[in-house]
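# Starting from these lines, generate the structure:
(chains A, B, C and D)
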There are 2 protein chains.
Amino acid sequence: MSGVETRELRYFVAVAEELHFGRAALRLGMAQPPLSRAIGQLERRLGVALFERSSRSVALTEAGAVLLREGRAALAAVEAAERRTRRAAEPGLVLVTKAGAAAELLAKLLDAYAAEPGAVAVDVQLCGPGEQERLLRDGRADVGLLHRPFDSVAGLDVEELHTEGQVLVLPSGHPLGTRESVRMSEVEGIDPPLPRWPGADGGYPDGPGPEIHDTTQLLQLVSLGRACAIMPEAVRDAVRGGLTIVPISDAPQVTTVIAWPPHSRSRAVADLVRTATRL
Amino acid sequence: MSGVETRELRYFVAVAEELHFGRAALRLGMAQPPLSRAIGQLERRLGVALFERSSRSVALTEAGAVLLREGRAALAAVEAAERRTRRAAEPGLVLVTKAGAAAELLAKLLDAYAAEPGAVAVDVQLCGPGEQERLLRDGRADVGLLHRPFDSVAGLDVEELHTEGQVLVLPSGHPLGTRESVRMSEVEGIDPPLPRWPGADGGYPDGPGPEIHDTTQLLQLVSLGRACAIMPEAVRDAVRGGLTIVPISDAPQVTTVIAWPPHSRSRAVADLVRTATRL
DNA sequence: CGCAGCGATACCCGGTGGGTATCGATCTGC
DNA sequence: GCAGATCGATACCCACCGGGTATCGCTGCG
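Next up is the predicted model:
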């Protein structure tokens, strides 16, 4: 049996990403020769060629591509283990939610949980969409409020909290603002346009509409007449002035869920989840 | 900014499982002092106490329990990466399925895939229920035929192939054998009893009924009059003599799916999956 | 109270991870 | 077409650290 070390994986990932031993070594804060040697050892140990070197260029073999994918996942798992262990030692929970979303629910939850016997401090972390899942998976957060179907909950344990319809948020004076309700087909290509949210990779899709990363920013753009928005009904509470809200009759229902990493029901997380489901 | 090594995780898991430095060292094939030191280093690096040592006994702290769970997962991920990389280099696929199940479908699939251009060798591995998922997750298999809802497909990508009802398989001459169909409520507590399948941990639940680990074994026990069985309709084809089959009107539908580790659609796996969905 | 069990400490050694110097091959520009 | 630049591999060296042995210190037990 062999036993690949995480150091080797880190080296390999660096080279595979840079496709250049010199730059990879720089990034790793080491010299190039030991890096070459380490990769060579890894290849010998696995009995597999990971790179095709032509003394002018470096390319991944098929096996190398597999190890890049799998190795990143393995490193993430190791780092998650590390972080979760560190944080298990210090009291307190980290809860993540999208900035500006579910504010009402969150406030009620925190109040109710704080009143529970044995409640610990809850550190609320706001972040952009898509980021929560990452924080939960890599051990930086213990529990999160997500919104299906926008956030993927694959690989997380969840408990449903609340389901609601969606509304169209318009600048005041917009022609659709007088309508009782609208349909999704009427919203396509609306002017001003819908915003673009960042994808899982942090990049933005192409298209019209401003690039957005949180809800308050979006509402501000709407009130400036630069965007429209499709949002859960609960935004009614967050809306100040200068905005018009119209229900969308056929938008998919959005469900707020509380999610946590699988098999990690610590006492505190379990309490918080129970509190949430009883709200 | 630290970097836990897999070696350290292996050491930690050994000690956490044995709760005894001496035995753990023995299991790891090393002496006790360097093991003690390694654990100490790990604790210092994490800044967290993992064990409560009282010079007479060793116990996990809460953080230690977290690291045991997470560390096992991380080690599994590293080993999976290793195996998948090794196997990516050699051609051929490993397909797992429950022994004795889906024989018909499997034969058709293998034939059809072999006729595809660019088909590679497929190594079929039969194993007990629950084991397939493990083989898929830890990188020993590329693709599997599973049966929902019996097999958990969490964390795997799947494509549905076939859905069917379930039937009751009885020894010939059994009183229920003359019925057109039966209901689940009639099957509870049936005599001879239903068998017990091993759980995810390899252990068997309590209760009456023989302990079983594959389908052919089960059918044999039924024909000997020692058990009854609830199985997908497709067993009709596998049945020889001495058995009676009665449809169960209200049993949950069972779906045969083809499953593979997420993000691992190599050319060969993709071809096989496509072939399967076109059957 | 003395002994046995067990983890921690002290100390030593060899392997190996990392560094520098250099080679050899290939691409580039004059 | 040759000189220089670029880049990975090789050769060699050193220091650190992972692992070993000897021993200590604590503790529960007969």
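# Enumerate the positions of the worst-scoring helix or strand of chain A on mean pLDDT that are buried.
In chain A, no helix or strand scores lower on mean pLDDT, DSSP states H and E than helix A:235-238, which sits at a mean of 76. Using 16 or more other C-beta atoms under 10 Å in any protein chain shown as the test for burial, helix A:235-238 gives A:235, A:238. No exception for glycine: its C-beta is placed from N, CA and C like everyone else's.
# same for whichever helix or strand comes after that helix, what does it pack against?
Once helix A:235-238 ends, the next helix or strand along the chain (criterion: DSSP states H and E) is strand A:243-247. Strand A:243-247 sits against strand A:166-171, helix A:215-223, with contacts defined as 3 or more C-beta pairs under 8 Å, 6 or more residues apart in numbering or on different chains; DSSP states H and E.
# Of all these, which one is nearest A:A81?
Distance to A:A81, taken as C-beta to C-beta, is lowest for helix A:215-223 among the helices and strands packed on strand A:243-247, at 32.8 Å.
# tell me what that closest one is packed against?
strand A:166-171, strand A:229-232, helix A:235-238, strand A:243-247.
# how many neighbours does A:F12 have?
As a burial measure, A:F12 scores 28 neighbours (other C-beta atoms under 10 Å in any protein chain shown).
# my bad, should have said A:L105
Using other C-beta under 10 Å, A:L105 is surrounded by 18 other residues.
# Let me know the angle separating the host helix or strand of it from helix A:215-223.
Per DSSP H and E, A:L105 falls inside helix A:103-115. Between helix A:103-115 and helix A:215-223, the angle comes out at 160 degrees (axes from the mean of the first three to the mean of the last three C-alpha atoms, to 10 degrees).
# so what does helix A:103-115 touch, helix or strand wise?
Right, helix A:103-115 is packed against strand A:122-127, helix A:235-238, helix A:267-278 by 3+ C-beta pairs under 8 Å, 6+ apart.
# before we move on, back to that, reformat the helices and strands packed on helix A:215-223 as TSV; add distance to B:E133.
TSV is the format used below for those (distance: least, C-beta to C-beta, whole Å):
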stretch	distance to B:E133
strand A:166-171	37
strand A:229-232	36
helix A:235-238	41
strand A:243-247	44
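# residue boundaries of the strands in chain A?
Under the criterion DSSP state E, strands of chain A are mapped to A:51-53, A:58-60, A:93-98, A:122-127, A:143-148, A:157-164, A:166-171, A:229-232, A:243-247, A:254-260.
# Could you check the angle the longest one makes with strand A:143-148?
Put simply, strand A:157-164 runs at 50 degrees to strand A:143-148, going by the same axes, to 10 degrees.
# which residues are in contact with strand A:157-164?
Here strand A:157-164 makes contact (C-beta atoms under 8 Å, 6 or more residues apart in numbering or on different chains) with A:105, A:145-146, A:232-234, A:253-263, A:265, A:273, A:276-277, A:279.
# try it again with 6 Å
Strand A:157-164 has contacts (C-beta atoms under 6 Å, 6 or more residues apart in numbering or on different chains) with A:232-233, A:253, A:255-260, A:262, A:273, A:276-277.
# Spell out which parts of chain A neighbour chain B.
When proximity is defined as C-beta under 6 Å from any C-beta of the partner chain, chain A approaches chain B at A:4-6, A:46, A:48, A:62-63, A:66-67, A:70-71, A:73-74, A:77-78, A:81-82, A:84-86, A:88-89, A:155.
# picking up where we left off before, nearest to B:A25, of the contacts of strand A:157-164?
Within these, the smallest distance to B:A25 is 32.0 Å, found for A:P262 (C-beta to C-beta).
# Name the nearest residue to the closest one, sequence neighbours excluded.
Excluding its sequence neighbours, the residue lying closest to A:P262 (C-beta to C-beta, 6 or more residues apart in numbering or on different chains) is A:D157, at 5.0 Å.
# Quick check: bridge partners of the one you found?
Beta-bridge partners for A:D157, by DSSP bridges, are A:W260.
# Check what pLDDT it gets.
A:D157 is assigned a predicted lDDT (pLDDT) of 89.
# can you give me the mean pLDDT across stretch A:124-135?
Mean pLDDT, stretch A:124-135: 82.
# swap in stretch A:67-76?
93.
# and chain A, which residues reach DNA strand D?
A:20-22, A:32-33, A:36-37, A:39-40, A:53, A:55-56, A:58 (C-beta under 7 Å from any atom of the strand).
# switch the cut-off to 10 Å
A:3, A:5, A:15, A:18-26, A:31-40, A:43, A:51-58 (C-beta under 10 Å from any atom of the strand).
# Would you list the buried entries among these?
Among these, those buried by neighbour count (16+ other C-beta under 10 Å) are A:5, A:15, A:18, A:21, A:24-25, A:35-36, A:38-39, A:43, A:51, A:58.
# Now intersect those residues with the helices, please.
Among these, the members found in helices (DSSP state H) are A:15, A:18, A:21, A:24-25, A:35-36, A:38-39, A:43.
# residues touching the closest residue to A:L272 other than its chain neighbours, list them.
What sits nearest to A:L272 in space, not counting adjacent residues and going by C-beta to C-beta, 6+ apart, is A:Y113, at 5.4 Å. Residues near A:Y113 by C-beta under 6 Å, 6+ apart: A:119, A:272, A:275.
# The last one: how many residues sit nearby?
To tie it back to what came earlier, the one meant is A:T275. Using other C-beta under 10 Å, A:T275 has 20 neighbouring residues.
# Isn't it up against A:L110?
No: under the criterion of C-beta atoms under 6 Å, A:T275 is not in contact with A:L110, lying 9.3 Å apart.
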